[in-house]
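1. missing the sequence, but the structure's below:
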């Protein structure tokens, strides 16, 4: 993902349209935040399990990618929970379900499919509702998650296509929005402009 002159938003970007056959059943913004937390909780648990499976199968770099994306989803959960707790201070995020793994190549495809759903269906739907309701905080949280998920999908597909010829690049996780950059040659997050020095290496 390239760095733009301005931080990307739903207003200054053209890739926030909802797919033609959406699967997301939207509620109000509070309900959507809770649904997002549930989805991200499942994703984070799955990716942690996929990371362990990839390590067992000898895919060190893919294991690190899954670990980074699991951590990225935890960032999204934290941001979404904070928005929920503005209205429900006692809200507690749900526990993660048991994860089921397959082979690493299939786990990558499953992960990519989930990320594509979130970036093209779920989050654009939730963003539209947040805009209609004037929920600026939730809109920003959903927007940053949506953009990060698109990058996660891209990284998964790249790992899938190159599963038999990996390189030794590290992955760098933005602590503010969950964006992941492959390789160390960058200056800041293209989603939220957090500087490289704050990123966590995997």
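-> Structure received. Since we're looking at a predicted model, the values are computed, not measured. Numbers count the residues shown, from 1 in each chain.

2. For burial, what's the neighbour tally of the residue nearest to residue 98 when sequence neighbours are not counted?
-> Distances taken as C-beta to C-beta, 6 or more residues apart in numbering place residue 45 nearest to residue 98, at 7.8 Å, with adjacent residues excluded. Any C-beta I mention is one placed from the backbone N, CA and C, and that applies to glycine too. When counting by other C-beta atoms under 10 Å, one arrives at 17 neighbours for residue 45.

3. And what about residue 45, helix, strand or coil?
-> Secondary structure state of residue 45, per DSSP: H, G, I helix; E, B strand; the rest coil, is helix.

4. list the contacts for it?
-> For residue 45, the contact set (C-beta atoms under 8 Å, 6 or more residues apart in numbering) comprises 70, 96, 97, 98, 99.

5. can you check residue 64 too?
-> Listed by C-beta under 8 Å, 6+ apart, the contact set of residue 64 reads 51, 170, 171, 202.

6. which residues touch the most centrally placed residue in the chain?
-> For the chain, the residue sitting closest to the mean C-alpha position, by C-alpha atoms, centre = their mean, is residue 149 at 3.7 Å. Residue 149 makes contact with 115, 116, 118, 119, 123, according to C-beta under 8 Å, 6+ apart.

7. secondary structure element for it?
-> Using DSSP states H and E, residue 149 sits in helix 136-161.
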